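sequence and predicted structure below; questions after.
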Amino acid sequence: MKKYRRIINVAMLGLVAASLTACGANNKVENESASSKSTTNTSQTTADTLVGAYQNTQKGTAVKFNANGTGRYVYADPVNSDTNDQLTWTKTGDNEYTLKFDDSDVTSPVTAHLNGNQLTLTGDSNWATDSMTRANGKLDLDKYLADHHGNGSHQSPSSPVDPRRVGAMIYQATYDGMPGREKFNFSDNNGTYSFSEANDDSGAMEYRIKGNTVTYWRASDPSSKQTTSIQSLTSRTDQEQISGIVSNTI
């Protein structure tokens, strides 16, 4: 009788142990599932913070961010062909993102900072800081470009950019001052501009303007290309002299 009782006790202990093991396994699965859901929700929340469209109607710029880490940036250029760039974005900090543009003229990553509905894009000296506001609802970027060219709402008092003035600033910045000449030549070859002294084109500069940046090089040495912002050129040159040069450009 004692033998049977011992067997029953052992069997019961075995059932209890098995039950405890199963509960532990179930709790582990549930905890892992909850952790996975939490991670997914956190990731989705992070993405949703930036996802959407932003615009600067005065400047004529807009950007749209997709949840898959891609996006598109446009600028309604009043002088040259529009900027229409694809990009990728990654989160790098609290409300900070790094944007990489599929554009050879944008040589360094651009940083995006989001503060509520306000987005600020900053970059190196070749990128002009841009501030945008989140758009209400969906924003059709193609229609945005067309509308801005139609009503000119993006133009500021300093727009459009004068290619002659930009050429004069490039020439002065490149040669550290202007030679004693009274006349200068300017030409436009389908958006590639040239600026030189009227009687000597050996130092001619060629350049292309894209939005608020300009890429320029010596006509005699295409490999000398460099890109800078128009604001940077303006700060590096004597604007009173530049105005005089522009008035003497043919």
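Perfect, thanks for sending it.

quick check: which ranges of the protein have low pLDDT?
For the chain, the stretches with pLDDT under 70 are 1-48, 79-80, 150-160, 177-182.

let me see the domain layout of it.
Segmentation of the chain into domains, based on automatic domain parsing, reads 1-50, 51-151, 163-247.

as TSV, these with mean neighbour count would be great.
For every residue, glycine as well, the C-beta is placed using N, CA and C. Formatted as TSV, the entries for those read as follows, by neighbours: other CB atoms under 10 Å:
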stretch	mean neighbour count
domain 1-50	10
domain 51-151	17
domain 163-247	16
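
mind listing the strands for the protein?
Taking DSSP state E as the criterion, the chain contains strands spanning 52-56, 61-65, 70-75, 83-93, 96-101, 110-115, 118-122, 130-134, 184-189, 192-197, 200-210, 213-218, 221-229.

got these as TSV, with distance to Gln241 columns?
Shown next, in TSV, are the strands of the chain (distance: least, CB to CB, whole Å):
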stretch	distance to Gln241
strand 52-56	32
strand 61-65	31
strand 70-75	29
strand 83-93	30
strand 96-101	34
strand 110-115	32
strand 118-122	30
strand 130-134	29
strand 184-189	12
strand 192-197	14
strand 200-210	16
strand 213-218	18
strand 221-229	19
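
among the ones you listed, which comes closest to Pro163?
Proximity of the strands of the chain to Pro163 was assessed by CB to CB; the nearest stretch is strand 192-197, lying at 5.0 Å.

just checking, what packs against the closest one?
For strand 192-197, the packing partners by 3 or more CB pairs under 8 Å, 6 or more residues apart in numbering; DSSP states H and E come out as helix 163-174, strand 184-189, strand 200-210.

TSV for these, including distance to Thr234?
Putting these into TSV (distance: least, CB to CB, whole Å) gives the following:
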stretch	distance to Thr234
helix 163-174	7
strand 184-189	18
strand 200-210	13
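
of all those, which lies closest to Tyr54?
With CB to CB as the measure, strand 200-210 is the member of the helices and strands packed on strand 192-197 nearest Tyr54 (20.0 Å).

apart from its chain neighbours, what residue comes closest to Lys225?
Closest residue to Lys225 apart from its sequence neighbours, by CB to CB, 6 or more residues apart in numbering: Trp217 at 4.3 Å.
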